[in-house]
Structures are given as C-alpha cells and as structure tokens.
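1. Show me the folded form of this:
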Amino acid sequence: MLDYDEVLGDIRSRVLLILTYLASLGCLVWTLHDAKLGELKDDLATMDWWWLGLAVVADIAVYCWQALRWRMVLRPVEPVSFRQAVSAIYIGLFANEVLPFRAGEILRCYLVSRWTKLPFSVAISSFLIERIFDGIWLCLCLLLAIRLLRVHHHIGWLVRGGYIVGLVVLAGAALLALAVFLRQKTRALFSGDGWQRHLRVLIDDLNLIGHSRYLYFAFLQSLPYLLLQVVPIYAALQAYKFDESPGFDPSLGVAFALMVILRLGSVVPQAPGNLGLFQFLTKEALQRMFHVAPAEAARFSLVLWGTVTLPLLVAGFFALMVTERKLFDLKRAAEDHASEMVKNRLT
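-> Residues are numbered from 1 along each chain as shown. Have a look, this model is predicted:
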C-alpha cells in the first residue's frame, strides 16, 4: 500500500536537494565569473610548496585532534580506540565531500556503534554535544573577530547569521544542562508523542554522557580543535603569492577571520564538499575585509578549497578501503539502522 507521507517526504527531500545544489552552483558561478582562471596555472607555479605541505599536514592533524576529543566525550559510556575514532571521522569526512547534507556525520556515528558496544543513539548524542561545544567557542571567536577586525563593517549579514547560530547553540546548551542536572523534570515537560518522544530519547542519552568530568575536558579540547583550523588557512595564505594585491598582509588575523567565516558558513545546507559557498565566502571576506583584488581572491578560494579538501578525500578513501565496504552500502546501512533504532525506542 502506498505510503503518502513517505512519498511526500521523499519529494520534499528531492526539492530541497535541487534547491541546495542550485544555490551552491550560483555561488560558484558568481565567485568565478571574473576570476581570470587562465592565470591559475601561473599562480600554482609560483606557490611555496613547503607552506602548502604544512597546510596539508595541519589539515590532517585537525581531525586527529577531533578524534581525541570524541573519545573523551564517549569515555564514560564506552571506550573507543583512537584508531576507531580516526577511521570513523575520516570516512565521515569523505562522505561529506561526496554526499549532500553532511551525511558523513551520521555515518561516523554508525561506524563507531558498529565497531564497539556503543548504542547508536548515544553516538548521535555525542555528535550533538560536539556541535554545541564547537558552537560556543565559535561564537566567542566571532565576537573576538568583530572586536579586533571590525568584520561587521564589511560582512554584516554574516555577523547577523552568527548571532542566529549563537541562539541555536544557547538552546542546545540549555537542553544539555537540563538533561544532565534535571533529567526527570525535563522529561516530564515532553510527555507527548511524536517529536516529544524523540526528545525524551535524546535527553536520556545526553544524561548518560553528561555525568562525567571528561565532558568538561572535552569542552576545553574544543578550543584548540577550532584554533588548529587556522593553521592550514594561514599556511595556504603564505604559500600563495598575492601579486595583484601588494598592500595585503596574509597574517594570522586574516586566517583567523577566514576560519570563523568558513565555519559559520558550513552550518548552511550546501553541495558536497561545501563547493560553491566555500569559494563565495572566501572571496567576499578577502575582497571586502582585506581589499584583495577580486580576481585574485576568487582564484585563491579555489586553492584554499583544494588544500583543505583533497587531503580529507585521500585519507577518507583509504580509511574506507580498510573497511572493505562501499560508501553507499554504509550510508544505506546507517539510514536503516537509524530508522530501526527510532522504531525500537518509540514503541
């Protein structure tokens, strides 16, 4: 028998996917329409490859640090080895680069639950905790960038978006605090069916993770995890020769501002690998905030995207090969597992 709700949901997903792809394509076309792409070959030939190598190594190290933090979040529930955490993260990153809507986040949670005795729902909750921690530190970094670099004078719409992200983060942090310290009272507030049942399951899982001193250590680890992401951007800026922008100083402050802007932009649904929006935000920031020549800013956006994306594709591909599974098979298994988990927990 035809399930109209399922069909309608599938249509909505397809429409959202098409609109997302069109928006990302529009951003890419707008960014590159005056980029003088014929000069990109010369740009690559004059780059400092030692700095570029540092950018690649730093980019890989960022997610090794994330693996350490993830293990800390999960430690009170189930020990996860560093190898398991790194493998799951890199396979998830690989999926994010080739699949829409950051499907890799669900996939990495599924893999860790499959390799250990960790419940899948708890793995999902750990991912949400990571995002809350990242959001708190990112909002603080945004405030610092506003104060030191006065970015609100140049890209005010992005700053306003950051405030919206901050409100969402505060809501998530409040839910985590209530789940940890007032679990029973919080559950009682959501005693209904439907989405309230899902929320009760989430509250239980957050409570399971939250009563541990390791959670505070994980929160502190989130700051260096965020700041480490400045290093590959800074190294890429040093590697690239901004010959058309003689007054531009590719300093740590520029790299820090770019990191904040790109992380805020990653919140928005977009094409795989952040393609399109990544280039748009990079160009807009360099052009409007730091007065880099438009064509040069556009070409550098491609260089930076390749620098922080290709290493993840390679590392994720090899991690996937070790599992001897196909990506789409794992994605389908993760989705089926998630659906089954919801049915079991809600019946």
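2. Assign a three-state SS to residue 133, would you?
-> helix (DSSP: H, G, I helix; E, B strand; the rest coil).
3. Same check on the one 10 residues further on?
-> At residue 143, secondary structure determined by three-state DSSP is helix.
4. pLDDT of the host helix or strand of residue 224, averaged?
-> Taking DSSP states H and E as the definition, residue 224 sits inside helix 214-228. What helix 214-228 shows for mean pLDDT is 90.
5. same question, stretch 294-305
-> Stretch 294-305 comes out at a mean pLDDT of 94.
6. what's the distance between residue 297 and residue 25?
-> 19 Å (Cβ to Cβ, to the nearest Å). For the C-beta atoms, the positions are set from N, CA and C on the backbone; glycine is no exception.
7. How about the contacts made by the nearest residue to residue 48 once chain neighbours are set aside?
-> Sequence neighbours aside, residue 239 is the residue nearest to residue 48 in space, at 4.6 Å (criterion: Cβ to Cβ, 6 or more residues apart in numbering). Residues near residue 239 by Cβ atoms under 8 Å, 6 or more residues apart in numbering: 47, 48, 49, 50, 51, 52, 55.
8. Turn these into a markdown table, columns for pLDDT.
-> Compiled in a markdown table, the contacts of residue 239 are given as follows (pLDDT from 0 to 100):
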| residue | pLDDT |
| --- | --- |
| 47 | 92 |
| 48 | 92 |
| 49 | 91 |
| 50 | 94 |
| 51 | 95 |
| 52 | 93 |
| 55 | 95 |
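9. Just the buried residues from the residues you listed, in ChimeraX please.
-> Here is the ChimeraX command that selects the buried residues among the contacts of residue 239 (16 or more other Cβ atoms under 10 Å):
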select :47,51,52,55
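10. picking up where we left off before, of residue 297 and residue 25, give the one with the bigger neighbour count.
-> Per other Cβ atoms under 10 Å, whichever of residue 297 and residue 25 has more neighbours is residue 297, with 25 against 13.
11. What is the neighbour count of the spatially closest residue to the more buried one that is not a sequence neighbour?
-> Once flanking residues are discounted, residue 297 sits nearest to residue 286: 3.9 Å by Cβ to Cβ, 6+ apart. Residue 286 is flanked by 27 other residues according to other Cβ under 10 Å.
12. just residue 293 next, same as before
-> Neighbours around residue 293, by other Cβ under 10 Å: 18.
13. ok, now which ones touch it?
-> Counted by Cβ under 8 Å, 6+ apart, residue 293 has contacts 242, 244, 245, 287.
14. Backbone dihedrals for it, please?
-> Torsion angles at residue 293 (phi, psi; degrees, to the nearest 10) stand at phi -60, psi 130.
15. Skipping its backbone neighbours, what lies nearest residue 26 in space?
-> residue 276 (7.3 Å).
16. Run a quick neighbour tally on the one you found.
-> 24.
17. which stretches of the stretch 201-347 of the chain have low pLDDT?
-> 201-211, 269, 337-347 (pLDDT under 70).
18. ok, 80 please
-> 201-213, 267-273, 324-347 (pLDDT under 80).
19. all helices for it, in order.
-> 214-228, 230-239, 252-265, 277-284, 290, 294-323, 327-346 (DSSP state H, counting those that start in this stretch).
20. so residue 219 touches residue 133, yeah?
-> Yes: using Cβ atoms under 8 Å, residue 219 is in contact with residue 133, at 5.1 Å.
21. With neighbour numbers in mind, choose between the two.
-> A side-by-side neighbour count of residue 219 and residue 133, using other Cβ under 10 Å, places residue 133 first with 25 against 18.
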